[in-house]
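S.K.: would you be able to build a 3D model of this:
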Amino acid sequence: MLDLRLSVAPMVDRTDRHFRYLVRQVSLGVRLYTEMTLDQGVLRGNRARLLAFRPEEHPIALQLAGRNPEDLAEAARIGEAFGYGEINLNLGCPSEKAQEGGYGACLLRDPLRVVEIVRAMAQAVRVPVTVKLRLGLEGQETYPELARLVERLAEAGAKAFIVHARSALLTLSTQANREIPPLRHEWVHRLKGDFPHLPFVLNGGLRTLEEALAHLGKVDGAMLGRAVYENPFVLEEADRKVYGLGRRPSRLQVARRMRAYLEEEVARGTPPWAVLRHMLGLFRGRPGGRLWRRILSEGKSLAALDRALRLIEEIGQEGEEEDPHPKGHPLPAHPLAG
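M.R.: This next block holds a predicted model:
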């Protein structure tokens, strides 16, 4: 049974393994998703680079995109073999590149193909296959059409639905599609009422943990996206409020763990900026936050991180506690992280 109460949205060029590791230092319980990963990349590319993740990233799902049922089924098998506990199908990306490739939101034009894809994926793996979709296309969606699609996908084997509560306007940019189509959270609430046996996660327009939790009485989960990327400490109360774990790490504790992580990654040949770019918002809205960001952006090195850490330590963090993992050893997985 998937714990879908709170998750971080898959974001291209954002939710790579370095950012996911950072988020996991803030919250042990929140569900993580990979970037949208093309099936052809999995089948023909560097699988280790695309799919590798650390065990402490669990619970984690692999999001796939594509248009061919057989290819997506094989990519799902490979993802399961890598250890992902959920395979998610992207039916929401409205980008021009996605349209040219025939994947993402434009697949909603062909419900029969989508059903065929989900059936092939569900038959290929033992882990749950889930779907992330929009309400429909071009502002012409109707609730009955959406409900019928959900019903057919559930019959094909989809185990849960993450619904970005907006239409996909294929003539607009990806950014515009996050802002211009009106939100219809009530449609997602209605889906749960009409299909009480199916899990639904609401996505779209949520900026704070409180906003996310406000929906949990009406749906099974809520998904936060760019708000977490801009400031990972949007999740600082998640473990306590959602998972009852009684932990609340400080920003400085997380920064120290990420320093140890960066040192390990650099020793493996990872460019420092691949990790540091995700850490820019770690002290957002806090004393020294702007200088922290500037030092990392200009230095782009382990030495720059050390300078920024000294700055934050000199400023001082109110309520700072001794870090029980000062050398950045992975935090233990909690009982819900399966």
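
S.K.: mean confidence score for the biggest helix by length in the chain?
M.R.: With secondary structure taken from DSSP state H, the chain has its longest helix at helix 251-267. Rounded to a whole number, the mean pLDDT of helix 251-267 is 97.

S.K.: list the buried residues of that helix.
M.R.: Residues of helix 251-267 classed as buried: Arg251, Leu252, Gln253, Val254, Ala255, Arg256, Arg257, Met258, Arg259, Tyr261, Leu262, Glu265 (neighbour count, 16 or more other C-beta atoms under 10 Å). C-betas here are computed from N, CA, C, even on glycine.

S.K.: contacts only, for the last one.
M.R.: Contact criterion C-beta atoms under 8 Å, 6 or more residues apart in numbering gives His18, Pro272, Ala274, Val275 as the residues in contact with Glu265.

S.K.: show me the two of those that sit farthest apart.
M.R.: His18 and Pro272 (10.5 Å; C-beta to C-beta).

S.K.: low-confidence stretches in the chain?
M.R.: Low-confidence regions of the chain, defined by pLDDT under 70, span residues 317-338.

S.K.: now do the strands in it.
M.R.: In the chain, the strands defined using DSSP state E lie at 6-8, 32-33, 37-38, 60-65, 87-91, 129-137, 160-168, 200-203, 221-224.

S.K.: now the fourth one against strand 129-137, angle please.
M.R.: Put plainly, it is strand 60-65. For strand 60-65 against strand 129-137, the angle by axes from the mean of the first three to the mean of the last three C-alpha atoms, to 10 degrees is 50 degrees.

S.K.: rewinding a little: dump the strands of the chain to JSON lines, plus distance to Gly281 and mean neighbour count.
M.R.: Shown next, in JSON lines, are these (distance: least, C-beta to C-beta, whole Å; neighbours: other C-beta atoms under 10 Å):
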{"stretch": "strand 6-8", "distance to Gly281": "14", "mean neighbour count": "25"}
{"stretch": "strand 32-33", "distance to Gly281": "17", "mean neighbour count": "24"}
{"stretch": "strand 37-38", "distance to Gly281": "24", "mean neighbour count": "22"}
{"stretch": "strand 60-65", "distance to Gly281": "21", "mean neighbour count": "26"}
{"stretch": "strand 87-91", "distance to Gly281": "25", "mean neighbour count": "26"}
{"stretch": "strand 129-137", "distance to Gly281": "24", "mean neighbour count": "24"}
{"stretch": "strand 160-168", "distance to Gly281": "22", "mean neighbour count": "25"}
{"stretch": "strand 200-203", "distance to Gly281": "20", "mean neighbour count": "25"}
{"stretch": "strand 221-224", "distance to Gly281": "13", "mean neighbour count": "24"}
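
S.K.: which among the contacts of Glu265 count as buried?
M.R.: The neighbour-count test (16+ other C-beta under 10 Å) marks His18, Pro272, Ala274, Val275 as buried among those.

S.K.: in JSON lines, list these along with distance to Ala105.
M.R.: Compiled in JSON lines, the buried ones among the contacts of Glu265 are given as follows (distance: C-beta to C-beta, whole Å):
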{"residue": "His18", "distance to Ala105": "27"}
{"residue": "Pro272", "distance to Ala105": "35"}
{"residue": "Ala274", "distance to Ala105": "29"}
{"residue": "Val275", "distance to Ala105": "31"}
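
S.K.: sort out for me which of those residues are in helices.
M.R.: Checking the buried ones among the contacts of Glu265 against DSSP H, those in helices are His18, Pro272, Ala274, Val275.

S.K.: of the residues you listed, which is the nearest to Arg119?
M.R.: His18 (34.6 Å).

S.K.: I'd guessed Phe283 sits against Trp292; true?
M.R.: Yes - the pair Phe283 and Trp292 passes the contact test of C-beta atoms under 8 Å, sitting 4.7 Å apart.

S.K.: anything in contact with each of these two?
M.R.: Looking at what touches both Phe283 and Trp292 (by C-beta under 8 Å, 6+ apart), the common residues are Ile312.

S.K.: quick check, Val131 in contact with Gly157.
M.R.: No - the pair Val131 / Gly157 is not scored as a contact, 10.0 Å apart, by C-beta under 8 Å.

S.K.: between these two, which contacts overlap?
M.R.: Residues touching both Val131 and Gly157 (C-beta under 8 Å, 6+ apart): Val118.

S.K.: now do Asn46 against Ala52, distance only.
M.R.: 10 Å (C-beta to C-beta, to the nearest Å).

S.K.: please apply the same query to Gly221.
M.R.: For Gly221, the distance to Ala52 - C-beta to C-beta - is 26 Å.

S.K.: and what of Met223?
M.R.: Separation of Met223 from Ala52 (C-beta to C-beta): 24 Å.

S.K.: again with Pro196
M.R.: For Pro196, the distance to Ala52 equals 38 Å [C-beta to C-beta].

S.K.: neighbour-wise, which of those two wins?
M.R.: Between Pro196 and Ala52, counted using other C-beta atoms under 10 Å, Ala52 has the larger neighbour count: 11 against 8.

S.K.: for stretch 49-57, buried residues please.
M.R.: Of the residues in stretch 49-57, those buried under the neighbour-count criterion (16+ other C-beta under 10 Å) are Leu50, Leu51, Phe53, Glu56, Glu57.
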